[in-house]
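Asks: Next input, structure requested:
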Amino acid sequence: MSLTFAAKLSDLVEDEPLAVTLGDEQIALYLLEGEVHATHNVCTHQYALLSDGYMEDGCIECPLHQAKFDIRTGAALCAPATQPVLVYRVQVEGDDIMVEL
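Replies: Predicted coordinates for the structure are as follows:
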């Protein structure tokens, strides 16, 4: 797998998801307690962008039906979502955020 530049670390704000598109992949980036995390940006329940959702306590809430996912693991934490969201490995190099697709 290869690392792809996704954004600048300086573009991220704690507890505010950032949507990026890498090739054909829609990714959501998160700054959580000083660490960068990346998930697929589309809810597994129904098409909605997680980056439009509410981030709190290490979770992202889907703006459409309030499904919640753990940002670190991708685990679906409540209905209506039952499938986890894909998580991506992240590497920070200086101010560059690199994501493994």
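Asks: helices and strands around the lengthiest strand in the chain, which ones?
Replies: Scanning the chain for the longest strand, with DSSP state E as the assignment, gives strand 25-32. Packing contacts for strand 25-32, counted by 3 or more CB pairs under 8 Å, 6 or more residues apart in numbering; DSSP states H and E, involve strand 3-8, strand 18-22, strand 35-40, strand 96-100. Bear in mind the C-beta positions are built from the backbone N, C-alpha and C, glycine included.
Asks: who touches the last one?
Replies: Right, strand 96-100. Strand 96-100 has contacts (CB atoms under 8 Å, 6 or more residues apart in numbering) with 1-9, 12, 22, 27, 29, 36, 38, 88-92.
Asks: Give me the buried entries from these.
Replies: 3-4, 6-7, 12, 27, 29, 36, 38, 88, 90 (16 or more other CB atoms under 10 Å).
Asks: Can you add distance to Met98 and pLDDT and give the residues you listed back as TSV?
Replies: Compiled in TSV, those are given as follows (distance: CB to CB, whole Å; pLDDT from 0 to 100):
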residue	distance to Met98	pLDDT
Leu3	4	96
Thr4	7	97
Ala6	7	98
Ala7	10	98
Leu12	13	97
Ile27	12	98
Leu29	11	98
Val36	10	98
Ala38	10	98
Tyr88	10	98
Val90	7	98
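Asks: With respect to Phe69, which of those is nearest?
Replies: When the buried ones among the contacts of strand 96-100 are compared for distance to Phe69 (CB to CB), Ala38 wins out at 12.4 Å.
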